[in-house]
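Trainee: Could you work out the structure for the sequence below:
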Amino acid sequence: MIWRLYLSSRRWCAAATSILLAVDGVLMMVRVVLVVGSILLVLLLVRPQQTHKPCVERRIALGTLVEIKLYVDPERANLLMDSAYGQITYIDSLMSHYTTTSELYRINAAAGTDRAVACSAEMTQVLGRSVYLGQMADGAFDITLGALTRLWNFPEATQVPAAAAISAALGEQRGVMLEWHAGRSYVRLAMDARLDLGAAAKGFAVDQAATQLRQAGVVCGMIEAGGDIYFWGSKPDGEPWRFGIQHPRQPQQIIQVDDMGLAALATSGDYEQFFTYDGERFHHLLDPRTGYPGRKAISATVWATTAMDADILATAVFVLGPEAGLKLIETLPQTEALVFFDRDGTVQHQVSSGAVGYVHFNAVQ
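Mentor: Below you'll find the model as predicted:
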């Protein structure tokens with residue numbers, strides 16, 4: 001259309017020349033026609049491109065709502081979404097404790113039998129990283145607390161288990177041993193130990209889906225699964241990535257957080273799954289050292305390079321509380337945190353040193 005308009009403008013120029021030679025009084029009208037034609041041509045040439053909006057899809061997976069947002073050609077979106085959700089479903093099939101066909105179930109079933117169970121590469125990664133970060137957190141994160149989580153039975157819990165039962169469940173927390181034979185990894189659990197990967201598998205699934213999408217050529221996108229987020233790339237419209245963190249006691253208030261250059265974040269809070277018993281709040285974030293819900297924090301948000309690390313460390317920092325939790329964060333590279341806690345009935349917060357300037361509390365609405 002631009003080319004046709006250009007040719008038309010040239011015809012108008014020729015016509016205007018003839019008219020000038022014949023009728024002097026028509027000069028002004030010809031000039032007006034030329035100006036209008038030029039304006040239309042310029043407007044067509046500088047017409048702004050439409051903003052590339054993301055393709056968004058939400059599905060139920062990992063026991064929560066998962067949202068994937070991709071900045072891609074819409075014609076590719078369906079295939080990419082199916083691929084990403086397929087990867088998430090695959091990880092869930094390995095690490096779910098709700099199904100008897102999962103790899104996690106087989107490992108738990110072999111506890112105490114002195115039989116080592118062969119592990120997939122994915123299970124090996126999750127177990128290895130969970131054990132390492134649990135040791136770094138001085139036991140505030142422990143994937144062998146499965147007997148304890150089963151006893152409390154969140155999210156269906158309505159009352160506090162008997163102290164004797166909690167003590168017995170704590171006694172069942174034993175070590176998990178990873179072994180390697182002939183290039184394959186195996187896991188061996190002590191008697192009565194039971195793995196619970198709820199604070200690691202979700203983040204790992206998000207990481208795996210993001211990796212698959214990036215390998216497929218997706219240069220910008222975001223995956224969120226129940227508060228675990230992984231994002232990458234630069235938005236086509238040039239807008240920076242910004243996120244909002246919910247205030248743990250005033251849900252309508254959101255704290256704005258700028259992009260720290262860390263690809264993942266996760267939040268653990270006592271408001272996610274809880275019940276009230278005798279006027280006291282009991283939530284699902286259990287301290288592996290006491291057997292009871294952690295009391296030193298209200299919520300903890302962690303930024304890291306992977307969603308699995310952010311997921312694990314958000315739980316660990318929550319249990320440790322602001323002082324010990326932030327001390328742990330300061331020892332880990334490329335990791336930051338924000339912790340909300342209660343002091344004498346007042347909600348307060350602290351951030352790690354690298355998060356200063358990125359978390360805007362004056363942006364709370």
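Trainee: Straight-line length of stretch 328-344, end to end?
Mentor: Terminal residues of stretch 328-344 are spaced 24 Å apart (Cα to Cα, to the nearest Å).
Trainee: let me fix that: stretch 170-184
Mentor: Start and end residues of stretch 170-184 are separated by 31 Å (Cα to Cα).
Trainee: and it, how far from the chain's centre?
Mentor: Taking Cα atoms, centre = their mean, to the nearest Å, the mean C-alpha location of stretch 170-184 is offset from the chain mean by 28 Å.
Trainee: Repeat that for stretch 106-116.
Mentor: Centroid separation for stretch 106-116 versus its chain: 32 Å, with Cα atoms, centre = their mean.
Trainee: Next: stretch 135-146.
Mentor: Chain-centre distance of stretch 135-146: 21 Å, with Cα atoms, centre = their mean.
Trainee: mind listing what's buried in that stretch?
Mentor: By neighbour count with 16 or more other Cβ atoms under 10 Å, stretch 135-146 contains the buried residues 136-137, 140-146. Heads up, the C-betas are built off the backbone N, CA and C, glycines and all.
Trainee: ok, which stretches of the protein are helices?
Mentor: All helices of the chain, identified by DSSP state H, fall at 2-22, 27-45, 74-95, 103-109, 121-136, 146-152, 163-171, 201-215, 307-331.
Trainee: Switch those over to CSV; also include mean pLDDT and distance to E57.
Mentor: Listed next are those as CSV, based on pLDDT from 0 to 100; distance: least, Cβ to Cβ, whole Å:
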stretch, mean pLDDT, distance to E57
helix 2-22, 39, 37
helix 27-45, 38, 35
helix 74-95, 97, 5
helix 103-109, 94, 27
helix 121-136, 95, 23
helix 146-152, 89, 31
helix 163-171, 88, 40
helix 201-215, 98, 12
helix 307-331, 98, 18
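Trainee: Kindly reformat the ones you listed as JSON lines containing distance to D287.
Mentor: Output for the helices of the chain, formatted as JSON lines (distance: least, Cβ to Cβ, whole Å):
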{"stretch": "helix 2-22", "distance to D287": "68"}
{"stretch": "helix 27-45", "distance to D287": "65"}
{"stretch": "helix 74-95", "distance to D287": "23"}
{"stretch": "helix 103-109", "distance to D287": "22"}
{"stretch": "helix 121-136", "distance to D287": "13"}
{"stretch": "helix 146-152", "distance to D287": "10"}
{"stretch": "helix 163-171", "distance to D287": "10"}
{"stretch": "helix 201-215", "distance to D287": "20"}
{"stretch": "helix 307-331", "distance to D287": "5"}
